[in-house]
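K.L.:
Turn this into a model:
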Amino acid sequence: MQFKIQHTAEKTNARAGFIETDHGTIQTPIFMPVGTLGAVKAVHIHEVEEQIKAQIILGNTYHLYLRPGIDIIRNAGGLHKFNNWNKPILTDSGGYQVYSLSGRRKIKEEGVKFQSHIDGSRHLFTPENVMDIQRVIGADFIMAFDECTPYPCDYKYAKNSIALTHRWLKRCVDHFDQTEPIYGYEQTLIPIVQGSTYKDLRIESAEAIAAFDRPANAIGGLSVGEPAEEMYAMTDVVCGILPKDKPRYLMGVGTPANLLECIHLGIDMFDCVLPTRNARHGLLYTAEGSINIKNAKWQDDHSPIDPMSPSRTSREHSKAYLRHLIRCGEFLGAQIASLHNLSFFLWLVGEARQHIIDGDYEAWKSEMVPKLERRL
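P.N.:
The predicted structure is shown next:
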C-alpha cells in the first residue's frame, strides 16, 4: 500500500491524496460505504460502483464470521469474489461488536468470549484468530483487534482498556507478520487509537500506535455518544501525533458536517452507517440541509428529490413518490433513499478534495457546514 499527499489546505490540516492498493486507487479524503455482511444495504453492487462512485467498501469480521462463515468465503476465493466487488475492501475486526454486545461477552487477556446474537452459540475472538479470519475474508485493509470503550467511561477503565488494546495490537502485529495473504495480493494491518475522551490517554495511545510504524492508522472509540465538540477535540489531539505521511482513518464517523470538520483536522478516511440507516427511515441529506421525507409537507411535492444530486434516481423521482414508497414500506423506497444518501456522501468528500486542491477549503467548509446542519 502506498499513500501520497498531493495537496494540503492552507490554515488547516486538510489534505488531498491517494492510496494505491492491489485492487485500485483510492482518492482521499474518502467515505467508505458500510457493507457489514458483504453488501451495502438495499443497493446492488454495480450501483455502488456506477451510481454511488464508491472507491472502497467495508465488511465486518464478526458478522461475516457468523454468516455465511469463513469456510464459505474461503471456498469462494475471498470476499471480493463472493460479492463481485473488484475494488478495495476494509474489514472491521469485530472490536466494535464486542463493545455493543456488552451483555453477551467477557473480556479477558486471552481475548473475548461472546455469544452469537443469532443463535446464542459461544465463540472466542483473540488477536491471533481475528487476523486469521481477516486473512480468509481477504480485505485489503485489516483492522487490529481492540476494545472500544463506551461513553461516558470511567478514567481508570479507559486507561486499563488502552493498555489491553496495545497488548492485543502487539499480538496482532506479530501474528500478521508471521502469516501470508491467501489470495495473492497485499493486505495492510491498521492499528487503532483508543482512550475515550481523555486527552492524556489519547496522547498515550496515539504515541503507542505511531511507534508500531504501520502503513496506516485509525482512531476508534469516538462517535459513540459523546458531544461533537469532544470528538473534534480528541481527533485534533490524535492527528497532531499520528504520522503525517500515513493515512488516518476515523472510524464510524459520521454526519456530513462531521466529515468536513474532521477533514479540516487531518482525517483521510471515514465510514458510517448513517447514510443507509437514515435512508431507510426517510432522512435524506442534501447540500442545502436534511429532509425528513415522511413529513406531510412533501406529500404533494412533485419536484425531484434533489435536482442537483449526483444520483440519477434522485433527479428522476419526486419527493412525493419517495414519501409514498417510504411510508408504505416498499423496498424500492429504501433503495432510492440509500442511493441518494450514499451518492451525496461520496459527492461531498469529492467536493472537499477539489476545494483542498483549489486552495479554498476553509472558506468552502465555513459556508457548507451551516447548510448541512439545518433541516429543510
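K.L.:
what about the helices in the stretch 51-200 of the chain?
P.N.:
61-66, 70-76, 79-83, 95-100, 127-137, 155-177, 199-211 (DSSP state H, counting those that start in this stretch).
K.L.:
hey, least reliable of the ones you listed by pLDDT?
P.N.:
Among the helices of the stretch 51-200 of the chain, helix 95-100 has the lowest mean pLDDT, at a mean of 73.
K.L.:
check contacts around residue 241.
P.N.:
203, 206-207, 210 (CB atoms under 8 Å, 6 or more residues apart in numbering). (Each C-beta comes from the backbone N, C-alpha and C, glycine too.)
K.L.:
ok, now how distant is it from residue 84?
P.N.:
Going from residue 241 to residue 84 by CB to CB, to the nearest Å gives 39 Å.
K.L.:
about what we covered before: can you redo the contacts of residue 241 as JSON lines with neighbour count and distance to residue 186?
P.N.:
Output for these, formatted as JSON lines (neighbours: other CB atoms under 10 Å; distance: CB to CB, whole Å):
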{"residue": "203", "neighbour count": "17", "distance to residue 186": "31"}
{"residue": "206", "neighbour count": "22", "distance to residue 186": "25"}
{"residue": "207", "neighbour count": "13", "distance to residue 186": "27"}
{"residue": "210", "neighbour count": "17", "distance to residue 186": "22"}
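K.L.:
Farthest pair within these?
P.N.:
Pairwise distances among these were taken by CB to CB; the largest, 10.6 Å, belongs to 203 and 210.
K.L.:
My reading is that residue 267 is in a strand; is that accurate?
P.N.:
No: counting by DSSP: H, G, I helix; E, B strand; the rest coil, residue 267 is located in no strand; its state is coil.
K.L.:
list the contacts for the closest residue to it other than its chain neighbours?
P.N.:
Among residues not flanking residue 267 along the chain, residue 250 sits closest, at 4.5 Å (CB to CB, 6 or more residues apart in numbering). By CB under 8 Å, 6+ apart, the contact list for residue 250 reads 218-219, 222, 235, 262, 267, 269-270.
K.L.:
Provide the backbone phi and psi angles at residue 250.
P.N.:
Here is the backbone geometry of residue 250 (degrees, to the nearest 10): phi -100, psi 110.
K.L.:
same thing with residue 288?
P.N.:
phi -100, psi 0.
K.L.:
roughly how far apart are residue 18 and residue 4?
P.N.:
Separation of residue 18 from residue 4 (CB to CB): 6 Å.
K.L.:
Who has more neighbours out of those two?
P.N.:
The neighbour comparison of residue 18 against residue 4 (other CB atoms under 10 Å) goes to residue 18, with 18 against 10.
K.L.:
gap between whichever strand or helix holds the more buried one and the chain center?
P.N.:
Element membership of residue 18, judged by DSSP states H and E, is strand 15-21. Chain-centre distance of strand 15-21: 16 Å, with CA atoms, centre = their mean, to the nearest Å.
K.L.:
low-scoring stretches of the protein, by residue?
P.N.:
98-99 (pLDDT under 70).
K.L.:
for it, which helix is longest?
P.N.:
Under DSSP state H, the helix in the chain containing the largest number of residues is helix 331-358.
K.L.:
got the buried residues for that one?
P.N.:
333-350, 352-353, 355-356 (16 or more other CB atoms under 10 Å).
K.L.:
can you check stretch 275-282 too?
P.N.:
For stretch 275-282, using 16+ other CB under 10 Å, the buried residues are 275-276, 278-280, 282.
K.L.:
Then stretch 198-216?
P.N.:
So, applying 16+ other CB under 10 Å, buried residues of stretch 198-216: 198, 201-206, 208-210, 214-216.
K.L.:
of all those, which two lie farthest apart?
P.N.:
Once CB to CB is applied, the buried residues of stretch 198-216 give 198 and 215 as the farthest pair, at 27.3 Å.
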